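**Q** just to be clear, the model below is a prediction. Sequence and coordinates:
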Amino acid sequence: MKSNKWLLSLAVGFLCCGSAYSQTTVKGTITSESGEPLIGATITVKNSTDGTVTDIDGNYSLKTKKTLSSKDLLLFSYVGYKTLQKNYTGNTMNVKLAEESQQLNDVVVTALGIKRGEKGLGYATETVKGDKITSALPSNWSTALNGKVAGLSVISSGGPLNSSRISLRGDVSLNQNGNDALVVVDGVPMSSPMTNPGVAYGAGSNSELSVDYGNGFSDINPDDIESIQVLKGASATALYGTRAANGVIMVTTKSGAGAPKGIGVSYSGNFSIDDVMRWPDYLRKSGRRQLRKHQRNE
């Protein structure tokens, strides 16, 4: 009986030693091409359930259930970066991942710039790309939204500076500025009411208060716009409170991400011509003589 127990203990010991011997530990760091550590990157062994993720410094430690050889493949992946497939080369494997040039499909920008899949949203939203805005060559980018978003209307004043207001789903208030959609540029709400006497946008003195200098829309260069997201649902605009009761226009400007490396120059330009409705009458030399003569006769 004692002999059987001894043999059983010996067999269990061999099994444990064999299991411990067959494990492989792979350590390393995953960074971007610029050397920034990638937090939460995934490392897995192909055709296996073994895997782990990187810590806050981009370091990882992967323990496998079997002994790895040069024929085994490790997969390194991270959101927004190309997945790298690499053969096992040793217990230390440092990896650099390249950025993915292709953008995710059906990705929309919600409140505070949070990106979510369009199919996962419970409210109406529409996207207008920046090239659709610049192709119209507008003096004010908001006027280029006409006809591109369902239920959206842009009301503009006359003149080259062209104050505008954006209305979604129709007007709900008798107040002129109570029907405007809230415009948010890169997460920052902007002032965009139409100009009223006494509150002229950009006026330099009291004498200019009645002059239409445009509103905040004219401060945005159409060529700087990457995309415009129109949020129509009440739940989509809850974060901004009553200001967003008439919808939100999320403007995302361009960034350096995805741009080609090196120095580049691009140019685009346009001009517009307006007819002067009425020229003022000027008093010239002959008119001055006639005016003095008329005054003497009086």
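**A** Now that the structure is in, tell me what you want to look at. All values reported here derive from a predicted model rather than from experimental measurement.

**Q** helix, strand, or coil at Ser142?
**A** Applying DSSP: H, G, I helix; E, B strand; the rest coil to Ser142 yields a three-state assignment of helix.

**Q** with Ala150 instead?
**A** For Ala150, the assignment made with three-state DSSP gives coil.

**Q** for it, list the residues it contacts.
**A** Glu126 (CB atoms under 8 Å, 6 or more residues apart in numbering). The C-beta positions use only the backbone N, C-alpha and C, and glycine is treated the same way.

**Q** would you mind measuring from it to Thr92?
**A** 56 Å (CB to CB, to the nearest Å).

**Q** cool, and Thr44?
**A** Distance, Thr44 to Thr92, using CB to CB: 18 Å.

**Q** those two - which one has more neighbours?
**A** Thr44 (17 against 10; other CB atoms under 10 Å).

**Q** run me through the strand neighbours of the helix or strand containing the more buried one, direction for each.
**A** Using DSSP states H and E, the secondary-structure element containing Thr44 is strand 42-45. Here strand 42-45 has these sheet partners by DSSP bridges: strand 51-53 (antiparallel), strand 73-77 (antiparallel).

**Q** where along the stretch 1-150 of the chain do the helices fall?
**A** 2-21, 130-134 (DSSP state H, counting those that start in this stretch).

**Q** coming back round to it: nearest to Gly262, out of the strands paired with strand 42-45?
**A** strand 73-77 (27.4 Å; CB to CB).

**Q** now do the buried residues in the closest one.
**A** Leu74, Phe76, Ser77 (16 or more other CB atoms under 10 Å).

**Q** format the CA atom coordinates belonging to that strand as PDB.
**A** This file holds the C-alpha atoms of strand 73-77, laid out as PDB (Å, rounded to 0.1, in the frame of the first residue of the first chain):
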ATOM      1  CA  LEU A  73       3.300  33.200 -34.400                       C
ATOM      2  CA  LEU A  74       2.500  36.100 -32.000                       C
ATOM      3  CA  LEU A  75      -0.200  38.700 -32.800                       C
ATOM      4  CA  PHE A  76       0.300  42.200 -31.600                       C
ATOM      5  CA  SER A  77      -2.800  44.500 -32.100                       C
END
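
**Q** show residues contacting that strand.
**A** 26, 30, 41-46, 62, 83-88, 93, 95, 97.

**Q** longest strand in this structure, please.
**A** Assignment by DSSP state E gives strand 24-32 as the longest strand of the chain.

**Q** for Ala41, give me its contacts.
**A** With CB under 8 Å, 6+ apart, Ala41 has these contacts: Ile30, Val53, Thr54, Gly58, Tyr60, Phe76, Ser77, Tyr78, Tyr81, Leu97.

**Q** just list whatever residues bridge to the second one.
**A** Counting by DSSP bridges, Val53 forms beta bridges with Thr42.

**Q** let me know how buried it is, in neighbour terms.
**A** By other CB under 10 Å, the residues close to Val53 number 15.

**Q** so how far is Ile39 from it?
**A** Noted for Val53: a distance of 9 Å to Ile39, by CB to CB.

**Q** likewise the first one?
**A** Relative to Ile39, Ile30 is positioned 9 Å away (CB to CB).

**Q** shared neighbours, the two?
**A** Shared contacts of Ile30 and Ile39, counting by CB under 8 Å, 6+ apart, come down to Thr54, Gly58.

**Q** more neighbours, the two?
**A** Ile30 (26 against 13).

**Q** identify the residues contacting that one.
**A** 37-38, 41, 43, 54, 58, 60, 76, 78, 94-97.

**Q** repeat that for Lys254.
**A** Per CB under 8 Å, 6+ apart, neighbours of Lys254: Gly130, Asp224, Ile225, Glu226.

**Q** wait, isn't the first one in contact with Ile225?
**A** Going back to what we said before, that points to Gly130. Yes. Using CB atoms under 8 Å, Gly130 is in contact with Ile225, at 4.4 Å.

**Q** hey, least reliable of the helices of the stretch 1-150 of the chain by pLDDT?
**A** Ranked by mean pLDDT, the helices of the stretch 1-150 of the chain bottom out at helix 2-21, with a mean of 52.

**Q** Lys132: neighbour count?
**A** Neighbours of Lys132 (other CB under 10 Å): 15.

**Q** equivalent analysis for Asp275, please.
**A** Around Asp275 there are 4 residues (other CB under 10 Å).

**Q** hang on, it in a strand?
**A** No. Using three-state DSSP, the assignment for Asp275 is coil, not a strand.
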